[in-house]
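what's the 3D shape of this:
(one chain, ligands or ions: 1)
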Amino acid sequence: MNSQNKTIVITAVVTAVLILVGIFVLMPILGPRFMHPMMMERMHGGGSGTSANDLNTETTRMTNNGAFIVSFKSELDPITIGSMHSWILHVETADGQPVEGATILVDGGMPDHGHGLPTSPQVTQDMGGGDYLVEGLRFQMGGWWEVKFNISADGVEDNVTFNIILGG
Ligand SMILES: [Cu+2]
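Residues are numbered from 1 along each chain as shown. Next up is the predicted model:
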């Protein structure tokens with residue numbers, strides 16, 4: 001190998017090393033933009049599990065401690081933004097017996113926005129057969145809403161949260 005070739009090889013190697021070092025140095029700055037969308041999703045959803053895509057939006061759910069199975073039917077289906085409306089909440093025991101005479105409190109809000117419900121929904125009627133009328137629900141913007149019910153019956157208290165995603 002003559003000295004001219006040696007110079008070319010050394011120049012090529014040095015250039016390659018400089019490019020690699022440059023990529024490493026720039027990685028933390030450029031990295032996130034080139035990451036796979038799936039990874040981004042996992043990063044955002046990780047830990048708190050609050051990514052809208054992995055929310056459970058079922059309208060029948062078991063309460064947190066397994067005491068009741070609760071479902072809701074909205075008077076408005078689909079629910080529209082800004083409309084005052086009612087729900088019928090149905091409460092059963094874990095083994096499917098309707099729960100009558102329960103005391104039910106309503107709460108909720110938008111976790112991503114840090115605000116609560118714009119209204120104070122109330123259970124206004126025990127309709128019998130485990131059905132309860134919830135009046136005064138209104139969602140004033142699109143996005144992820146939580147509607148929470150605290151249910152007490154026969155000395156047992158438990159909570160359930162429904163997730164609602166409204167478009168717009
Ligand atoms: Cu909001």
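
next helix or strand past the helix-or-strand element of the chain with minimal mean pLDDT?
Lowest on mean pLDDT, DSSP states H and E among the helices and strands of the chain sits helix 37-45, with a mean of 41. With elements assigned by DSSP states H and E, the helix or strand that comes after helix 37-45 is strand 60-62.

ok now that following strand, how far from the chain's centre?
15 Å (CA atoms, centre = their mean, to the nearest Å).

Let me see the contact set for the spatially closest residue to Leu117 that is not a sequence neighbour.
Excluding the flanking residues, the one nearest Leu117 by CB to CB, 6 or more residues apart in numbering is Gly108, at 4.9 Å. In short, each C-beta sits where N, CA and C put it, glycine included. Going by CB atoms under 8 Å, 6 or more residues apart in numbering, Gly108 touches 116-117, 145-148, 161.

One more pass at 7 Å, please.
The contact partners of Gly108, by CB atoms under 7 Å, 6 or more residues apart in numbering, come to 116-117, 145-148.

ok, now Gln122?
By CB under 7 Å, 6+ apart, the contact set of Gln122 is 106, 135-136.

Quick one: which of the residues you listed is the most crowded by neighbours?
Val106 (20 neighbours; other CB atoms under 10 Å).

I'd guess that residue is in a strand, am I close?
Yes: the assignment for Val106 is a strand, going by DSSP: H, G, I helix; E, B strand; the rest coil.

What number of neighbouring residues does the nearest residue to it once chain neighbours are set aside come out with?
Of all residues not flanking Val106 in the chain, Pro121 sits nearest, at 4.3 Å (CB to CB, 6+ apart). A count of nearby residues for Pro121, using other CB under 10 Å, gives 21.

Same question for His90.
When neighbours are counted by other CB under 10 Å, His90 registers 20.

Helix or strand: which one has it?
strand 85-93.

Residues touching that strand, excluding its own?
Outside strand 85-93, the residues touching it (CB under 7 Å, 6+ apart) are 68-76, 98-99, 102, 104, 130-135, 137, 149, 151.
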